[in-house]
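K.L.:
sequence-free structure coming up:
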């Protein structure tokens, strides 16, 4: 018999037997000793467990605990070493948004700042901040409480802000008011918001008119019920214990949620300040879509800031809505703009774009002319990536198309306060740039580009100087920051929340474009980012393939697919904007229609060859191809075509398409599948779906593949990823499935994001080492 643990308790080096009384005493004392160690170790084990497996859904603190708060800046300031960038660092960054000038003087700016719990990311909070542009002093206005988020704020007068927050005792998102003191510079404590509404449902969107006399907000209600009636119905249904979904039309589900009847409806209400200096509703909120089974803002990504607008006087309201009343919503991209006269006794919605069966969205009234309205418009029904042009309505005059000869798609528009200029956000050659467009109705007017590189968005124009604005800007090498634009040669960073982070983390400081002759003998562009450790030695390659497919790899920072997270691990990055990408003109974007497996495939093949020739430090024998969505489709397509698959040691497929035939009947937005194969349904033209269908080439698969899929991905349903993994396993190919049951088409949970990078990089290292 072999020695056991208990044997060693009763034997010494000479193997002499211990007497029973001594043995009993020894065992008792030993037990007490071990128990003491165990009890003393409990805090250590708890600490280790919490560090190893942070709670992804931490409880919301009931009171403010200042000892549990540490800013990103303070955390990185105390570090004594400089670390190489990784995804943990990426997620610790403060996220800034929505800069807005003081409405009268423009001498200060308020913005939103989202922070994560340091250093474990176990919770987040979003607060309001104030910046004095004369003194550069920054004040945090609202208290940072974990899992409390302030959002969508508006100046209602010179000293008052209205915003949305889940600070309500109910935990629901409601409307709050913040009164600013005369001298904010001397503020020594956080301001206490005043709750204005107390509805039994979340408020999802907010918009205030310029006069501060009316506002619009949205709640998810049943189309023929009020907010209160919707809440009663929800509680009654919950008591039945039934859990059955019943559908008579599409959508069944959209993006990451089942469509169970409630709709985002805009409510309009008048506003006044009472004797206690608190704003309150002075009329009953009216649901402008009451009785209509439709959403405004539209799902899944519409918001009130861009899809709603009050006129200059505040007496008219415009909104975008989808036509959800029938199943055609699943194969139609038709959005329309409606206007409402708020001075009428009964609100009546009038459609002003119903003659166009493509998308019309993002209405924006002139700030000075009651009758002028601009909006973004497409002309091809069923094509979500058609070019967006600017349409202008001026009363009863004929509708105009602005910049009709341009071939770039308009991504966003912002009026100057004098109503003479539009500032335009445009994707151009892999950059998100800003143009200024004056003399709107003149055929001779030419837009002037103000910002040339990086990604610039979220503009707010100075109230007294229409040439000055604040905005957000980021790039491949710089995370997002807030800037003040005075002229193309005078641009100033306003915020420094991430400066200490940037001083303690090593990142690649260089990203460059390169070009080559691709498919159709046309110029194709891509990005090259060298590894953090330099180009003096051979480096493996991360070959990234973007989704969309009508999208681009932009000069932008990302919290998901971040170039730096690969570069810091010693990988060179090549990212090709193949035929079908946006930002290179509409013809280039349209070229992918009916060519899913040809033009982009050829571009990727030729782009890889060009990159290896131009950047000869890259080791072409240690290349990994990675793609998501359409990029995942391309990974499966590459896998079936040895002339390219054999050039990669391994593949990574995130939420990729495996079988276009099955996809045609299981995805939610059918217009994607139907338009991109040439505007056919699968039953009308089966061959169009089989021509470039990866499932037909599984017999050619040989290369190892990591498959990743989200359980709540209803754009590319999880059976596509499961089928990919099944095919790999059945063929005996080294493979792994990473299934994220609570994620949608993207990986949003920070802990899942860390796991994603850990698994992906381990897979890459395994096959390139």
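P.N.:
Done, it's in. Please read all numbers here as calculations on a predicted model, not as lab measurements. Numbering: from 1, shown residues only.
K.L.:
look up phi and psi at residue 610.
P.N.:
phi -60, psi -40 (degrees, to the nearest 10).
K.L.:
wait, it sits on residue 514?
P.N.:
Yes: applying Cβ atoms under 8 Å, one finds residue 610 in contact with residue 514, separated by 7.3 Å. Quick note: C-beta positions are derived from backbone N, CA and C, even for glycine.
K.L.:
report the contact partners of residue 251.
P.N.:
Remark: with contacts taken as Cβ atoms under 8 Å, 6 or more residues apart in numbering, residue 251 is in contact with 259, 324, 329-330, 668.
K.L.:
run the last query once more with 7 Å
P.N.:
For residue 251, the contact set (Cβ atoms under 7 Å, 6 or more residues apart in numbering) comprises 259, 329-330, 668.
K.L.:
look at residue 610 and residue 514 and report which has more neighbours.
P.N.:
Taking other Cβ atoms under 10 Å, residue 610 and residue 514 do not tie; residue 610 has more neighbours (20 against 16).
K.L.:
how about the nearest residue to the more buried one, chain neighbours excluded?
P.N.:
Using Cβ to Cβ, 6 or more residues apart in numbering and skipping the chain neighbours, the partner closest in space to residue 610 is residue 516 (3.7 Å).
K.L.:
mind listing the helices for the stretch 601-750 of the chain?
P.N.:
Remark: helices assigned in the stretch 601-750 of the chain by DSSP state H, counting those that start in this stretch are 630-639, 642-645, 660-666, 670-676, 686-690, 718-730, 750-768.
K.L.:
can you check the stretch 151-300 of the chain too?
P.N.:
Using DSSP H, counting those that start in this stretch, helices in the stretch 151-300 of the chain cover 227-239.
K.L.:
what is the neighbour count of the closest residue to residue 462 other than its chain neighbours?
P.N.:
Distances taken as Cβ to Cβ, 6+ apart put residue 468 closest to residue 462, at 3.9 Å, once the chain neighbours are dropped. Residues near residue 468, counting by other Cβ under 10 Å, number 17.
K.L.:
quick one, phi/psi of residue 468?
P.N.:
Backbone torsions for residue 468, taken as degrees, to the nearest 10, come to phi -120, psi 140.
K.L.:
surely it meets residue 486?
P.N.:
Yes: the pair residue 468 / residue 486 is scored as a contact, 5.4 Å apart, by Cβ atoms under 7 Å.
K.L.:
quick check: beta-bridge partners of the residue nearest to residue 610?
P.N.:
Counting by DSSP bridges, residue 516 forms beta bridges with residue 524.
K.L.:
residues near it, how many?
P.N.:
Around residue 516 there are 18 residues (other Cβ under 10 Å).
K.L.:
please report how far it lies from residue 637.
P.N.:
Relative to residue 637, residue 516 is positioned 20 Å away (Cβ to Cβ, to the nearest Å).
K.L.:
got it, and residue 749?
P.N.:
29 Å.
K.L.:
those two - which one has more neighbours?
P.N.:
A count of neighbours by other Cβ under 10 Å puts residue 637 above the other of residue 749 and residue 637, at 26 against 15.
K.L.:
contact partners for the more buried one?
P.N.:
Residue 637 touches 597, 601, 692, 694, counting by Cβ under 7 Å, 6+ apart.
K.L.:
try 10 Å this time
P.N.:
Residue 637 is in contact with 545, 596-598, 600-601, 604, 627, 630, 644-645, 656-657, 692-694, 697, counting by Cβ atoms under 10 Å, 6 or more residues apart in numbering.
K.L.:
cool, and residue 327?
P.N.:
Neighbouring residues of residue 327 by Cβ under 10 Å, 6+ apart: 247-252, 670.
K.L.:
then residue 582?
P.N.:
Per Cβ under 10 Å, 6+ apart, neighbours of residue 582: 385, 387, 408-409, 411, 427-428, 430, 548-552, 554, 588-589.
K.L.:
ok, now with 6 Å
P.N.:
427, 550-552, 589 (Cβ atoms under 6 Å, 6 or more residues apart in numbering).
K.L.:
about what we covered before: out of the contacts of residue 327, grab the one that's most surrounded.
P.N.:
residue 670 (23 neighbours).
K.L.:
what is the neighbour count of the nearest residue to it once chain neighbours are set aside?
P.N.:
Excluding its sequence neighbours, the residue lying closest to residue 670 (Cβ to Cβ, 6+ apart) is residue 331, at 4.3 Å. Residues near residue 331, counting by other Cβ under 10 Å, number 17.
K.L.:
what separation do you get for residue 331 and residue 75?
P.N.:
As judged by Cβ to Cβ, residue 331 and residue 75 stand 49 Å apart.
K.L.:
SS state for the residue nearest to residue 559 when sequence neighbours are not counted?
P.N.:
Distances taken as Cβ to Cβ, 6+ apart place residue 90 nearest to residue 559, at 6.1 Å, with adjacent residues excluded. Assigned by DSSP: H, G, I helix; E, B strand; the rest coil, the conformation of residue 90 is helix.
K.L.:
residue 90 touches residue 561, doesn't it?
P.N.:
No: Residue 90 is beyond contact range of residue 561, at 10.7 Å (criterion: Cβ atoms under 6 Å).
K.L.:
those two: which has the busier surroundings?
P.N.:
Set residue 90 next to residue 561 and count neighbours by other Cβ under 10 Å: residue 90 wins out with 24 against 20.
K.L.:
confidence score at that one?
P.N.:
For residue 90, the pLDDT comes out at 97.
K.L.:
from now on call the first residue 24
P.N.:
Will do, 24 is the new start, and the previous item becomes residue 113.
K.L.:
how far away is it from residue 155?
P.N.:
As for residue 113, its distance to residue 155 is 30 Å (criterion: Cβ to Cβ).
K.L.:
do the same with residue 227
P.N.:
Counting by Cβ to Cβ - residue 227 and residue 155 are separated by 32 Å.
K.L.:
correct me if wrong: the residue nearest to residue 693 contacts residue 694.
P.N.:
Yes: with contact defined as Cβ under 6 Å, residue 354 reaches residue 694; the gap is 5.3 Å.
K.L.:
what's the weakest-modelled helix or strand in this protein?
P.N.:
helix 28-33 (a mean of 28; mean pLDDT, DSSP states H and E).
K.L.:
picking that back up, who has more neighbours out of residue 227 and residue 155?
P.N.:
residue 227 (18 against 15).
K.L.:
so what's that one up against?
P.N.:
By Cβ under 6 Å, 6+ apart, the residues touching residue 227 are residue 241.
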